[in-house]
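Participant: 3D, please:
(2 chains)
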Amino acid sequence: MDPRFDVELVGVSKRYGGAVAVDNISLRIPKASYCCLLGPSGCGKTSTLRMIAGHESISDGDVLINGANVTGLPPIKRGTAMMFQSYALFPHLSCIENVAFSLKMRGMAKAERLKKAREFLALVHMETFADRLPAQLSGGQQQRVALARALVSQPKVLLLDEPLSALDPFLRIRVREELKRLQRDLGISFIHVTHSQDEAMALADMMVVMQDGRIRQSGSPREVFGNPATSFVARFIGGHNVLQGAAGPVAVRADRCRLDAAGSGLPAQIAAVEYQGSIVRVALTTDAGEDASVLMPDSVYDADPVQAGARTHLVWAAEDERQLAA
Amino acid sequence: MASDTAAEITNSAYRPARPRVRVGPWAISWLEVSPLAIILVVLFAAPTVLFFVISFFDYDRVGIYPAFLWDNYRELLTTPATWRIYVSSLRFAVIVWAITLFVGFNIAHFLVFHIRSSTTRMVLFMLCAVPFWTSAIIRTIAWIPFLGRNGAFNTMLIDLHIVHQPLEFLLFSDFAVVITYVHLYTLLMIGPIANSLSKIDKSLLEAARDAGASRWQIMRNIIIPLGRTGITLGSILVFTQVMGDYFVVKRMSGGQSASIVSALSTEIQAMQYPPASASAVVLVLFVAFLVAGMMRIVDVRKELVS
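Facilitator: Predicted coordinates:
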């Protein structure tokens, strides 16, 4: 048993007929970490999650949870629990019965399971809604109940399939703070599938960027953002300019770039100026036809404002340049 | 675009003075319900009232006479034959209900949850439904050459040396009646049950599996409770069909059993309209109570709307 990792994927693939959804990926998720699988739709992140959960058969490779090979085991024997994208609450059962469901399946006596379910409802601040049906709850409340239902079986790993995508933007930020707090308090691993890099950046201890069924880069958000490995990663996580350098593509953080009308940088034309509150985003088209942007504090912009259509140069320091693999 | 312009031209150039009939919203509602209301009143309510009234009439060999007598009901309810028929019909109804429910639920479950391609599902559903394009009478009679003493099934059994004598109980027996009913009415179960099962979100089954539910636990805790509208509707259809049957019992039991309606039709053939009406009223009330009982268990209307 290797206690250092909650989840290990070893050469895992998923094929649907001839199509490859997940292509030979390997990944180790350290104990008690918040891991985000990030990527555009169709990148294989949900298939990966479902293979870890045991809801999708594994075409090739092995899944280890807490050091034990769980490939081929049913979900309940894996020590995982999943929170579904649409929450998948049982519409005919009250909140507390939904939460108590897995305990009931295990044969726990009614009084005991309701007591335990109530504790978990309290954990997500839903104890006052215990007797409501899911249809009588708002989306955010349903999500809490779904979370309590997943946690009640005391999983070693909680799997979340786009848990925030159905919420409005304000709620999303609050719920993501709560998810992070819960993960820290419970001391278990969360694996969270998302297509939003904001979400991944805010939550993840470990961020896994996927594309076309493969892992393009994994690491802490700081590592990934500071050193994107490929132009896909740099573009997908945003905030970077991907430009053609002397030795292949390079990435430069947009907030590390400057404008210099008289200088000797990359000649470009200003395409648009977007005021975004605390920062200003200036969009450029370089003379080579590449899109780029510069992010600057509004005070910097105000000191030397520019207009769309004006000619300028894009300037950055050599140490901010990151060489990309293809 | 062209037609839009054309319509505009017609509208502006040719605007006749519209007759101004003010129709209140209540009138519109009435107009909307009236076609169905008329059909129901003329074809359902009026006949029901008619036989309800006639059930109190007096009669003899030559005619019926307006009166208000309880005699028809008294006679009907004190005849042991009536009770026998009701018991026998109820027995058939319960047996057939149990079998069609089991078979129908399993077929519906298979169609909805095990067939992934919707084309295959459609084809299989058509295979269930196509026989129902023929008349029920033909499908009933079709069993006779199959189940008969020298029928296809007995011949096969003898040729295979499974039995030496033809099986007698196959035809003109309760067995034949039940098998025919099951054949005729299983689709009435499949349809509503498949309909309500297909509304179950597949992720619920995954969530249940994730919570450690076995196949049987998923069936008992998720699929059956969520399919109960269909189960109730199917049960109501099968029950009312069997209770109201006229032909199958008569034809397939070989005269050994009678149904409520076949007893009633004997009275009609004897021109005894008042007792026939009384027995119709009793049957309607009986079935209405049964259905009301089933509806109490599951609020079908509420579930159909939601």
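
Participant: Helix or strand: which one has B:Pro275?
Facilitator: helix B:273-297 (DSSP states H and E).

Participant: residues of that helix that come out buried?
Facilitator: By neighbour count on 16 or more other Cβ atoms under 10 Å in any protein chain shown, the buried set for helix B:273-297 is B:273-283, B:287, B:290-291, B:294. For glycine as for every other residue, the C-beta is placed from the backbone atoms N, C-alpha and C.

Participant: again with stretch A:210-229
Facilitator: A:210-211, A:213, A:215-219, A:221, A:224-225, A:228-229.

Participant: Which residues of the stretch 1-150 of chain A lie near chain B?
Facilitator: Counting by Cβ under 8 Å from any Cβ of the partner chain, the stretch 1-150 of chain A comes close to chain B at A:53, A:55, A:74-76, A:81-82, A:84-86, A:88-92, A:101-102, A:104-106, A:149-150.

Participant: Just the buried residues of those residues.
Facilitator: So, by 16+ other Cβ under 10 Å, the buried ones in the residues of the stretch 1-150 of chain A next to chain B are A:53, A:55, A:75-76, A:81-82, A:84-85, A:88-92, A:101-102, A:104-105, A:149-150.

Participant: Give the residue spans of the stretch 1-150 of chain B that score low on pLDDT.
Facilitator: B:1-19 (pLDDT under 70).

Participant: so the residue of it found nearest chain A, which of the three states?
Facilitator: Ranked by Cβ to the nearest Cβ, the top residue of the stretch 1-150 of chain B for proximity to chain A is B:Arg116, at 11.8 Å. Three-state assignment for B:Arg116 (DSSP: H, G, I helix; E, B strand; the rest coil): coil.

Participant: how about the strands in the stretch 51-200 of chain B?
Facilitator: Under the criterion DSSP state E, counting those that start in this stretch, the stretch 51-200 of chain B carries strands at the ranges B:58-59, B:64-65.

Participant: Low-confidence ranges, chain A, go.
Facilitator: A:1-3, A:326.

Participant: gap between whichever residue of the stretch 101-250 of chain A sits closest to chain B and B:Val23?
Facilitator: Per Cβ to the nearest Cβ, A:Ser102 is where the stretch 101-250 of chain A lies closest to chain B, at 3.5 Å. According to Cβ to Cβ, to the nearest Å, A:Ser102 stands 58 Å off from B:Val23.

Participant: Please apply the same query to A:Gly213.
Facilitator: Going from A:Gly213 to B:Val23 by Cβ to Cβ gives 63 Å.

Participant: Likewise for A:Glu8?
Facilitator: Following Cβ to Cβ, the distance that separates A:Glu8 from B:Val23 is 73 Å.

Participant: List the contacts of B:Ile236.
Facilitator: B:Val291, B:Met294, B:Met295, B:Val300 (Cβ atoms under 8 Å, 6 or more residues apart in numbering or on different chains).

Participant: Just name the closest of those to chain A, please.
Facilitator: Among the contacts of B:Ile236, and counting by Cβ to the nearest Cβ, the member closest to chain A is B:Val300, at 14.8 Å.

Participant: Please say which of A:Glu8 and B:Val23 ends up with more neighbours.
Facilitator: The neighbour comparison of A:Glu8 against B:Val23 (other Cβ atoms under 10 Å in any protein chain shown) goes to A:Glu8, with 19 against 9.

Participant: nearest residue to the more buried one other than its sequence neighbours?
Facilitator: Using Cβ to Cβ, 6 or more residues apart in numbering or on different chains and skipping the chain neighbours, the partner closest in space to A:Glu8 is A:Leu64 (4.1 Å).

Participant: did I read that right, that neighbour in a helix?
Facilitator: No: A:Leu64 is assigned strand when assessed by three-state DSSP, not a helix.

Participant: List the beta-bridge partners for it.
Facilitator: A:Leu64 has the following beta-bridge partners by DSSP bridges: A:Glu8, A:Asn69.

Participant: which other residues reach stretch A:305-325?
Facilitator: So stretch A:305-325 is in contact with A:227-231, A:234, A:241-242, A:245, A:247-253, A:256-273, A:282, A:284, A:286, A:292, A:294, going by Cβ under 8 Å, 6+ apart.

Participant: tell me which element A:Pro40 is part of?
Facilitator: A:Pro40 belongs to no helix or strand, assigned by DSSP H and E.

Participant: surely it meets A:Gly213?
Facilitator: No: with contact taken as Cβ atoms under 8 Å, A:Pro40 and A:Gly213 are classed as non-touching, separated by 11.8 Å.

Participant: Around chain A, pick out the residues from chain B.
Facilitator: B:201, B:203-204, B:206-214, B:217, B:221-222, B:225-226.

Participant: In PyMOL, select just the buried ones from those residues.
Facilitator: Selection of buried members from those for PyMOL, criterion 16+ other Cβ under 10 Å:
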select buried, chain B and resi 203+204+206+207+208+209+210+211+212+213+217+221+222+225+226
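
Participant: Among the residues of chain B next to chain A, name the ones in helices.
Facilitator: Secondary structure assignment (DSSP state H) places B:Ser203, B:Leu204, B:Glu206, B:Ala207, B:Ala208, B:Arg209, B:Asp210, B:Gln217, B:Pro225, B:Leu226 from the residues of chain B next to chain A within helices.

Participant: what two of the residues you listed have the greatest distance between them?
Facilitator: Within those, B:Asp210 and B:Pro225 form the most distant pair, 18.2 Å apart (Cβ to Cβ).

Participant: ranges for the helices of chain A?
Facilitator: A:45-53, A:95-105, A:110-123, A:139-151, A:169-186, A:197-203, A:221-226, A:231-237, A:298-303.

Participant: now for these, which one comes closest to B:Ile231?
Facilitator: Using Cβ to Cβ, the nearest of the helices of chain A to B:Ile231 is helix A:95-105, at 20.8 Å.

Participant: Just list the residues touching B:Gly212, thanks.
Facilitator: A:Pro74, A:Pro75, A:Ile76, A:Ser102, A:Met105, A:Arg106, A:Ser153.

Participant: What's the separation between the spatially closest residue to it that is not a sequence neighbour and A:Val12?
Facilitator: Ranked by Cβ to Cβ, 6+ apart and with sequence neighbours excluded, the top spatial neighbour of B:Gly212 is A:Ile76, at 3.3 Å. Distance, A:Ile76 to A:Val12, by Cβ to Cβ: 20 Å.

Participant: do B:Ile200 as well
Facilitator: 30 Å.

Participant: ok, the two, which is more surrounded?
Facilitator: Neighbour count, other Cβ under 10 Å: between B:Ile200 and A:Val12, A:Val12 has more, with 24 against 17.
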